[in-house]
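Undergrad: below: sequence and its predicted model.
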Amino acid sequence: AHPAPPDPAVDAVGSKYRQLYEDRINPFAAFAKRERLRRYQELNAAEKLMLSVSSLVLGSKRARMGLAVYVLCLHALTMAVLYGYSHVRTCDRTRAAMVP
């Protein structure tokens, strides 16, 4: 006369609804949610856009890696252009100084 073992599917559903119930009656969670919504509504359009983009980028590992690669490529391009520009200018001055 042992009780039947609990069904994992029923237990998962029960824990899901238990968590929802506890979240609903938690006054601190409700307060935090209201405050977050209030602060979001106080933002202007540019700030909302920046918040959305940063949440999108920071929320995904793939997006963070893409941003890092993009930034590194921009730095490499900038360094290559600056190096090439300085090398060409130096060669032009050297050549001009050598011409009689």
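TA: Done, it's in.

Undergrad: helices of this structure, start to end?
TA: Ranges of helices within the chain are 8-25, 27-42, 45-58, 61-98, based on DSSP state H.

Undergrad: want to throw the ones you listed into TSV with mean neighbour count?
TA: No exception for glycine: its C-beta is placed from N, CA and C like everyone else's. Formatted as TSV, the helices of the chain follow (neighbours: other C-beta atoms under 10 Å):
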stretch	mean neighbour count
helix 8-25	10
helix 27-42	10
helix 45-58	10
helix 61-98	10
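
Undergrad: can you pull up the most central residue in the chain?
TA: Centroid check for the chain by C-alpha atoms, centre = their mean gives L58 as the closest residue, at 1.4 Å.

Undergrad: from S86, how far off is that residue?
TA: Here the distance between L58 and S86 works out to 36 Å (C-beta to C-beta, to the nearest Å).

Undergrad: you'd agree the residue nearest to the centre of the chain is up against R64?
TA: Yes. Between L58 and R64 there is a contact under C-beta atoms under 8 Å: 6.7 Å.

Undergrad: weakest of the helices of the chain by average pLDDT?
TA: Lowest mean pLDDT of these: helix 8-25, a mean of 74.

Undergrad: quick one, what contacts the residue nearest to the centre of the chain?
TA: For L58, the contact set (C-beta atoms under 8 Å, 6 or more residues apart in numbering) comprises R64.

Undergrad: and the gap between it and K16?
TA: Relative to K16, and taking C-beta to C-beta, L58 is found at 27 Å.

Undergrad: I25 too?
TA: For I25, the distance to K16 equals 16 Å [C-beta to C-beta].

Undergrad: just the C-alpha atoms of stretch 28-40, please, in PDB.
TA: Taking C-alpha atoms only, stretch 28-40 is exported to PDB below (Å, rounded to 0.1, in the frame of the first residue of the first chain):
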ATOM      1  CA  PHE A  28       8.200  42.900  -3.800                       C
ATOM      2  CA  ALA A  29       8.200  41.400  -7.300                       C
ATOM      3  CA  ALA A  30       5.000  43.400  -8.100                       C
ATOM      4  CA  PHE A  31       6.600  46.600  -6.800                       C
ATOM      5  CA  ALA A  32       9.800  46.000  -8.800                       C
ATOM      6  CA  LYS A  33       7.800  45.400 -12.000                       C
ATOM      7  CA  ARG A  34       5.800  48.600 -11.500                       C
ATOM      8  CA  GLU A  35       8.900  50.600 -10.900                       C
ATOM      9  CA  ARG A  36      10.700  49.200 -13.900                       C
ATOM     10  CA  LEU A  37       7.700  50.000 -16.100                       C
ATOM     11  CA  ARG A  38       7.400  53.500 -14.600                       C
ATOM     12  CA  ARG A  39      11.100  54.200 -15.300                       C
ATOM     13  CA  TYR A  40      10.800  52.800 -18.800                       C
END
